[in-house]
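[1] What follows is a predicted protein model with its sequence.
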Amino acid sequence: MQRRCRKRAALRPEENGRERAPRAGERACNPIRVRPFMNQSSRYSRRSVLSLAAGAFLSASGALLPSGGSFAAEAPRAALVYFSRTGTTAGLARMVAEASGAEVFELKLVDPYSDDYSAMTGIARSERSRNARRELAKPLPDLSGFDLIFLGSPYWWGGLSIPVRTFLMDNPLAGKRVAPFVVSASSSPEGAWEDLREFCPQARILPGFHTVQSAASGARGDITAWVKSCLEARQGL
Ligand SMILES: Cc1cc2nc3c(=O)[nH]c(=O)nc-3n(C[C@H](O)[C@H](O)[C@H](O)COP(=O)(O)O)c2cc1C
């Protein structure tokens, strides 16, 4: 896992931040496709009806499958919510989605920030100091059917980005397991984990993943291992 930790005093944006324009296709995350359980032309033999009935009974009674997972734990109930301004978090989100099969929701702004870093960074800093919101474009993710939420954000001014903070103000993810991943130019991610504890006091926050921007494109191995640990944590609860 990529970690480059500095003291909190160093949690400031890089003046000549090494942001870059998103690469072609970087925002195109693929939502999971759910295969229908059975197609219309399937024939319901007596045997298949019996095994369906047995499955329903075992599921209702919470019995375990031979693999060790319960029927409920087999269902894809992971979602991925992220914001990315210049594409780095989006690239990580794509890796997380591929490793987890999570359904992907990208947060977008009604009034996006300027592409010019120096023009927008002071605005974001002021928003953070005022605990201000930045309105999100609809439709917003409906996470009611999910129990594990991968949450991706760039690191802004010592914490989560304003759009992710805005999302959490309205969606504190109570009762969910939250698996955060954060990318910064150089700072330690501690402020992001602190934000999460503040905004999601009733969520179970799993150990997060952090990388610096310059290492993000090479993080596939580390982030895939992290996703696996989050999925295992989900099954154990
Ligand atoms: C408003 C703003 C504030 C930032 N603050 C920090 C910071 O405190 N520490 C840091 O290391 N990087 C900081 N950065 C750099 C971003 O974390 C970094 O460029 C990140 O990769 C951007 O992710 P994205 O491409 O998904 O938008 C900041 C960037 C912006 C735009």
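    Ah, there it is.
[2] May I ask you to confirm that Ala216 is in contact with Thr86?
    No: using Cβ atoms under 8 Å, Ala216 makes no contact with Thr86, being 11.0 Å away. C-beta here means a position set from N, CA and C on the backbone, and glycine is covered the same way.
[3] now do the same end-to-end measure for stretch 126-134.
    End-to-end span of stretch 126-134 (Cα to Cα, to the nearest Å): 12 Å.
[4] Could you give me the buried positions within it?
    Glu127, Arg128, Arg134 (16 or more other Cβ atoms under 10 Å).
[5] Likewise for stretch 114-128?
    Buried positions in stretch 114-128, judged by neighbour count with 16+ other Cβ under 10 Å: Tyr117, Thr121, Ala124, Arg125, Glu127, Arg128.
[6] near the ligand too, which of those residues?
    Contacts with the ligand within those, as defined by Cβ under 6 Å from any ligand atom: Tyr117, Thr121, Ala124.
[7] can you redo the residues you listed as CSV with distance to Val96 and secondary structure?
    Shown next, in CSV, are those (distance: Cβ to Cβ, whole Å; DSSP: H, G, I helix; E, B strand; the rest coil):
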residue, distance to Val96, secondary structure
Tyr117, 25, helix
Thr121, 26, helix
Ala124, 24, helix
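[8] Which one of the buried residues of stretch 114-128 is nearest to Gly101?
    Nearest to Gly101, judged by Cβ to Cβ, of the buried residues of stretch 114-128 is Ala124 at 32.4 Å.
[9] Return the residues in contact with that closest one.
    Tyr113, Trp156, Trp157, Ser161, Ile162 (Cβ atoms under 8 Å, 6 or more residues apart in numbering).
[10] Likewise for Leu140?
    Residues in contact with Leu140, defined by Cβ under 8 Å, 6+ apart, are Phe167, Asp170, Asn171.
[11] Over to Phe181?
    By Cβ under 8 Å, 6+ apart, the contact list for Phe181 reads 89, 92-93, 96, 150-153, 208-210, 223, 226.
[12] out of those residues, who's nearest Ser188?
    Distance to Ser188 across the contacts of Phe181 (Cβ to Cβ) is lowest for His210, with 7.7 Å.
[13] So that closest one: helix, strand or coil?
    Per DSSP: H, G, I helix; E, B strand; the rest coil, the secondary structure class of His210 is strand.
[14] do the same with Ala216
    Here Ala216 is helix, with the state taken from three-state DSSP.
[15] all helices for this structure, in order.
    Using DSSP state H, the helices of the chain run over 46-60, 71-74, 88-100, 117-129, 162-170, 190-199, 220-235.
[16] Need those helices in TSV (columns: mean pLDDT).
    Formatted as TSV, those follow (pLDDT from 0 to 100):
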stretch	mean pLDDT
helix 46-60	37
helix 71-74	47
helix 88-100	98
helix 117-129	97
helix 162-170	98
helix 190-199	98
helix 220-235	91
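[17] Point out the most buried one among those.
    helix 88-100 (a mean of 23; mean count of other Cβ atoms under 10 Å).
[18] Check whether that helix comes near the ligand.
    Yes: Helix 88-100 is in contact with the ligand by Cβ under 6 Å from any ligand atom, via Thr88, Thr89.
[19] let's have the chain start at 23 instead
    Done: numbering now begins at 23, and the last item shifts to helix 110-122.
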